[in-house]
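1. Show me the folded form of this:
(2 chains)
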Amino acid sequence: MTHDEPSDAELLRATARGDAAAFGVLVRRYVRPATLLGAQLLGDSDDAEDVVQDAFTVVHRDAARFDADRPFAAWFYAIVRRLASNRRARDRRRERLFQLWGSGPAAEQASPPLDESLLARIDGAASVALAARAMDTLPPMQRACFELVAVRDVPVAEVAAMHGISESTVRQHIFRARAALRDALGEERRGSAKP
Amino acid sequence: MTRSGAGRMSNEPELFSTSRVPDDDAHWDALAKRITGHAAREEYSAVSWVSRGPIGLLAASLALAAAIAFAALPTDAPAASISAGSLAAALSPFDAVGQSVVSRDRPPAIAELLLASANPASK
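-> Residues are numbered from 1 along each chain as shown, chains lettered A, B, ... in the order given. As a prediction, the model looks like this:
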């Protein structure tokens, strides 16, 4: 966001007055990080988009009630996390019911392969398969922070707001993820270089 | 989407990879447009208005109570309260002959009718 662009607070106040264009700018500003967050929480991009749509509907409805001087991002991402949590709980209940009836999908579905273009950005020299294996060994939050910052170019402050943690914690996760990936990839290369 | 993974700690939430999320401006523009339109439609839907806090609920409850009360009103009561005599008087013609025909128990004499029609002011 440049200095010429309106702040979140200004956009939120305008939204509360019924300014549809201001709401559109606010949506466009947050739709990408919010959907990435939703995808990390839900594991499905369509579900993530639905949750983000619901979260923005709440913002639109309650814009007048929210104190615009407080940070919008923290409020908004908290709504996304809560809606995603509700959706996961609902899906789990549904899954249990299907299992009870014996006709539902398997509890653990096979993981689809990682997007190769995304993984190729992690380490240009590493093979995609190596990077995929190394990424999969990371703890969830390390991987989530690393993916958002290093692969998706989301700023550290934004990632902190998205997951409701401090910026220093995000940096710590990224530092540890980088070290773990470096070690894992180095070991893999050494192993494959041996005759 | 792959689930991360092997080194998960018990208190950490389950988090997934975003590798399946399309990441280009055209996609985000379209999604933002869809979301903006959806929020505007929700804003003006009646259900949304009713669900918006206690005022909406109170208004909806009052409207429902009024509808139930109206439906419960006895439909034949007003008709029973109007007597046949007052109805006949209300529907009777304004001229003297008409009044004499309607408002009496017995039909008037022919002479009386003739006099009334010849001299309307006398009645």
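2. C-alpha only now, for contacts and for neighbours.
-> OK.
3. So for the helix or strand where residue A:93 lies, mean pLDDT?
-> Residue A:93 belongs to helix A:72-101 when assigned by DSSP states H and E. Helix A:72-101 shows a mean pLDDT of 92.
4. Residue 22: neighbour count?
-> No chain in the question, so chain A it is. Residues lying near residue A:22 (other C-alpha atoms under 10 Å in any protein chain shown) number 20.
5. that's the wrong chain, I wanted chain B
-> 13.
6. residues near residue A:72, how many?
-> Neighbours of residue A:72 under the rule other C-alpha under 10 Å: 18.
7. Which residue, other than its chain neighbours, is closest to it?
-> Leaving aside its sequence neighbours, residue A:72 sits nearest to residue A:8 (C-alpha to C-alpha, 6 or more residues apart in numbering or on different chains; 6.4 Å).
8. Next one: that neighbour relative to chain B, how far apart?
-> Plainly put, residue A:8 is 16 Å away from chain B if you go by C-alpha to the nearest C-alpha, to the nearest Å.
9. swap in residue A:100?
-> Using C-alpha to the nearest C-alpha, residue A:100 is found at 24 Å from chain B.
10. Thought residue B:39 was touching residue A:56, still the case?
-> Yes. Counting by C-alpha atoms under 8 Å, residue B:39 is a contact partner of residue A:56 at 7.0 Å.
11. which of the two has more neighbours?
-> Per other C-alpha under 10 Å, whichever of residue A:56 and residue B:39 has more neighbours is residue A:56, with 26 against 21.
12. so who does that one touch?
-> The contact partners of residue A:56, taken as C-alpha atoms under 8 Å, 6 or more residues apart in numbering or on different chains, are A:27, B:35, B:39.
13. Is there a neighbour count for the second one? I'd like the number.
-> Okay, so that is residue B:35. Around residue B:35 there are 24 other residues, counting by other C-alpha under 10 Å.
14. Identify the spatial nearest neighbour of it, chain neighbours not counted.
-> Spatial nearest neighbour of residue B:35, chain neighbours left out: residue A:53 (5.3 Å); criterion: C-alpha to C-alpha, 6+ apart.
15. Look up phi and psi at the one you found.
-> Backbone geometry at residue A:53, expressed as degrees, to the nearest 10, gives phi -60, psi -40.
16. For it, the count of nearby residues, please.
-> Neighbourhood size, residue A:53 [other C-alpha under 10 Å]: 24.
17. ok, then the element right after the helix or strand harbouring residue A:160?
-> In this structure, residue A:160 sits in helix A:156-163 according to DSSP H and E. Using DSSP H and E, the helix or strand that follows helix A:156-163 in sequence is helix A:167-193.
18. Can you pull out the low-pLDDT segments for the chain?
-> Defaulting to chain A. Scanning chain A for pLDDT under 70 picks out A:1-3, A:102-128, A:188-195.
19. switch to chain B, that's the one I care about
-> The model of chain B has pLDDT under 70 over residues B:1-13, B:44-53, B:74-82, B:84, B:101-105, B:116-117, B:119-123.
20. how about the helices in it?
-> Per DSSP state H, chain B carries helices over the ranges B:25-44, B:46-50, B:53-72, B:77-81, B:84-91, B:96-102, B:110-118.
21. Quick check: the residue nearest to residue A:72 vs residue A:25, distance?
-> Separation of residue A:8 from residue A:25 (C-alpha to C-alpha, to the nearest Å): 9 Å.
22. burial measure for the residue nearest to residue A:72, as a count.
-> Residues near residue A:8, counting by other C-alpha under 10 Å: 20.
23. Contact residues of chain A facing chain B?
-> Those residues of chain A that sit near chain B, judged by C-alpha under 8 Å from any C-alpha of the partner chain, are A:20, A:23-24, A:27-28, A:31-32, A:36, A:39-45, A:49, A:53, A:56-57, A:60-61, A:111-115, A:118, A:135-141, A:143-144, A:147.
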